[in-house]
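J.: Below are the sequence and a predicted model for it; my questions follow.
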Amino acid sequence: MNAYVFPGQGAQFTGMGQSLYESSPLARQMFENANEILGFRITDLMFSGTDEDLRQTKVTQPAIFLHSVILAATLGAQFKPDMTAGHSLGEFSALVAARALSFEDGLRLVAARASAMQKACEKEPSTMAAILGLDDEKVESICKTIPEVVVPANYNSPGQLVISGSIRGIELACEALKAAGARRALPLKVGGAFHSPLMEPARVELAEAIDRTLVNLPICPVYQNATAERTTDAGVIKVNLIAQLTAPVRWTQTIRNMVNDGATHFTEVGPGSVLQGLIQKIAGTVTVAGA
């Protein structure tokens, strides 16, 4: 069975999507539609912006979404998913590719998400760190001992868990985790504590936009971050999308569930190849490729 997966923030690069724009009339039309919806020419920033331009949350999230969704659209009849999933932001791409969300509604939600997250980050400075070489359970238990907001945020693969929280909390957690045997505890260059309780203001704001958005029956099951479970139910999709901002990304569990449900080949659709590497660590028996 064929599984299609979509990357999240961090996969952006200057020039992303430009070859699609230049080679495909469909891609060009979708990009120009996106420029109108967003109210600025995101294509200019994607194709020739600086790294600093692309790191702005209001640019990064729509840019990665557009690259992924438009690439999937240009695959045409080749795109035959038996299931989809996306990492964090990538979940919106997965839902559009599975036709649960329209392209336009998906883009509007991603733009709203980026704006809400940016505001939450400015309200309370916070950050994230990647912890390598410890069991998930050990990281979870140590986070609970820190007298600040610190939680597991991204279960990326066995031995790789990203934590999220206040700046002081992440400092204390990194010290404690290294003392407990972590191979590395790397602070990440991110704008805030994504997938943590500190994103609650963003969750409330985005919930209103999601509640107003039509969710259709997808063409295949979508596996969502908050639960790692498959669903085709519009109501469940909305609940999980709203929960996603403050809940961890259960990527390890998601890939295992997809494999248990019959996935044998994974295709990453979008910029970069990070998910392919994570999937190989989680499920070494499957084949992986980029679109």
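T.: Okay, I see it. Residues are numbered from 1 along each chain as shown.
J.: What lies in contact with the worst-scoring helix or strand of the chain on mean pLDDT?
T.: Least confident helix or strand, the chain: helix 51-55 with a mean of 87, by mean pLDDT, DSSP states H and E. Helix 51-55 has contacts (Cβ atoms under 8 Å, 6 or more residues apart in numbering) with Gln12, Phe13, Thr14, Leu45, Met46, Val59, Thr60, Ala63. (Glycine included, C-beta is placed from N, CA and C.)
J.: Using PDB, write down the CA coordinates of the helix or strand where the fourth one lies.
T.: Spelled out, it's Leu45. Taking DSSP states H and E as the definition, Leu45 sits inside helix 42-48. Output of helix 42-48 as PDB, limited to C-alpha atoms (Å, rounded to 0.1, in the frame of the first residue of the first chain):
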ATOM      1  CA  ILE A  42       4.900  34.700  -1.600                       C
ATOM      2  CA  THR A  43       6.300  33.300  -4.900                       C
ATOM      3  CA  ASP A  44       8.900  36.100  -5.000                       C
ATOM      4  CA  LEU A  45      10.100  35.200  -1.400                       C
ATOM      5  CA  MET A  46      10.000  31.400  -2.200                       C
ATOM      6  CA  PHE A  47      12.000  31.700  -5.400                       C
ATOM      7  CA  SER A  48      14.500  34.500  -4.600                       C
END
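J.: circling back to that earlier point, which among the contacts of helix 51-55 end up buried?
T.: Gln12, Leu45, Met46, Val59, Thr60, Ala63 (16 or more other Cβ atoms under 10 Å).
J.: And the third one, how far from Arg203?
T.: By that I understand Met46. 27 Å (Cβ to Cβ, to the nearest Å).
J.: Next: Ile237.
T.: Ile237 is 16 Å from Arg203, by Cβ to Cβ.
J.: Between these two, which has more neighbouring residues?
T.: Using other Cβ atoms under 10 Å, the more surrounded residue of Ile237 and Arg203 is Ile237, with 23 against 20.
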